[in-house]
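Engineer: just to be clear, the model below is a prediction. Sequence and coordinates:
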Amino acid sequence: MREFKRTDRVADQLQKELAVLIQREVKDPRLGMVTVSGVEVSRDLGYADVHVTLLGEDTPERIKENLKVLKQAAGFLRGQVAKRIKLRHVPELRFHYDESVVRGQRLSSLIQEAVASDRSRSVDERGDEKSDDGETGNDSGRD
């Protein structure tokens, strides 16, 4: 089996080109800070599912509006990609919002909260370990 499939190479190239094109060529003021997080190309190179994220604008209304703008610009973007990449057939572009980044940030913040909670709980427990004669229950005897 080959190390890299052709569809993977095409997807990587599409991701690079679309990231630049969306940032520099799409002049719609409704479009926010869009990042192309990934591209999946079908086996026959007929379709490319383009996964995008929005920086700082993840309300459902803004997501929907940005996807609408990208959908309207899909033909233009496909034409620009055709000029930059040598392919017999440039895949049809389908845009999707990638929730994995937002989900990852949410999980990361939950983990940080849990760690902070554990730390504060362990500090409270150490404070409760003081004996009646004023000595603390920490590891003063160990080295």
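Structural biologist: Arrived safely.

Engineer: and residue 33, its phi and psi?
Structural biologist: phi -80, psi 90 (degrees, to the nearest 10).

Engineer: scratch that, residue 92
Structural biologist: Here is the backbone geometry of residue 92 (degrees, to the nearest 10): phi -70, psi 130.

Engineer: quick one: the helices in this structure, in order.
Structural biologist: Listed in chain order, the helices of the chain (DSSP state H) span 6-24, 60-84, 100-128.

Engineer: for the last one, buried residues please.
Structural biologist: Going by neighbour count (16 or more other CB atoms under 10 Å), the buried part of helix 100-128 is residue 101. Every residue, glycine included, has its C-beta placed from N, CA and C.

Engineer: how far away from the center of its chain is it?
Structural biologist: What separates the centre of helix 100-128 from the centre of its chain is 23 Å, taken as CA atoms, centre = their mean, to the nearest Å.

Engineer: relative orientation of the helix or strand of the chain with the lowest mean pLDDT and helix 60-84 in degrees?
Structural biologist: When each helix and strand of the chain is scored by mean pLDDT, DSSP states H and E, helix 100-128 comes last, with a mean of 83. Taking axes from the mean of the first three to the mean of the last three CA atoms, to 10 degrees, one finds helix 100-128 and helix 60-84 inclined to each other by 130 degrees.
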